[in-house]
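In: No sequence on hand, only this structure:
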């Protein structure tokens, strides 16, 4: 009888030790080809950027505007201020640019997400090509570069773009 009790105690101790070791070996999961941890918040951010990508491919201007914050601001990456625009200018820019697109391929590779309170900076690598209608015939453009989206969690708990669209 004492032998059975000892054996049972050893089994319990061993299984507890074994499960503890398994827990210690658990690794953080990451999104493919990135250093982005698979958290619920990061999943929501990536899904928002993916909605942007899909709506861009559909040339859905109204759908894209729903993803933008009312505080949206784009400085166009130049030192000039005459090419900067906010939320109101975003509709005009999207409508004008997307109306010229004849065909498009647009892929996003996620590199990193940095959080600062209710804001997130999403570093990506863009790979795309566009066929644009032009007066002198169709023109092709290629995008193959690093890019940064800035998003903010809104009061309704959805992520909205502050810049980068």
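Out: Nice, thanks for sending it over. Bear in mind that the values here come from a model prediction, so they are computed numbers and not experimental data.
In: And the residue most central in space within the chain, how close does it get to residue 60?
Out: For the chain, residue 46 is the residue whose C-alpha lies nearest the centre (C-alpha atoms, centre = their mean; 3.3 Å). Look at residue 46 and residue 60: by C-beta to C-beta, to the nearest Å, they are 19 Å apart. The C-beta positions use only the backbone N, C-alpha and C, and glycine is treated the same way.
In: hang on, the earlier thing: just list the residues touching the residue nearest to the centre of the chain, thanks.
Out: With contact set as C-beta atoms under 8 Å, 6 or more residues apart in numbering, residue 46 has these partners: 31, 36, 110, 113, 122.
In: again with residue 59
Out: 98, 101, 104.
In: per-residue pLDDT, residue 12?
Out: Per-residue pLDDT puts residue 12 at 42.
In: Same question for residue 30.
Out: Per-residue confidence at residue 30 stands at 89 (pLDDT).
In: what number of residues lie near it?
Out: By other C-beta atoms under 10 Å, the residues close to residue 30 number 13.
In: hang on, it packs against residue 110?
Out: No - contact criterion C-beta atoms under 8 Å: residue 30 and residue 110 do not qualify, at 9.9 Å.
In: Could you name every residue contacting both of these two?
Out: residue 36.
In: Okay, the nearest residue to residue 92 once chain neighbours are set aside and residue 116: tell me how far apart.
Out: Once flanking residues are discounted, residue 92 sits nearest to residue 85: 7.6 Å by C-beta to C-beta, 6 or more residues apart in numbering. Distance of residue 85 to residue 116, given as C-beta to C-beta: 24 Å.
In: higher neighbour count, those two?
Out: residue 85 (16 against 8).
In: The more buried one pairs with what?
Out: Judged by DSSP bridges, the bridge partners of residue 85 are residue 74.
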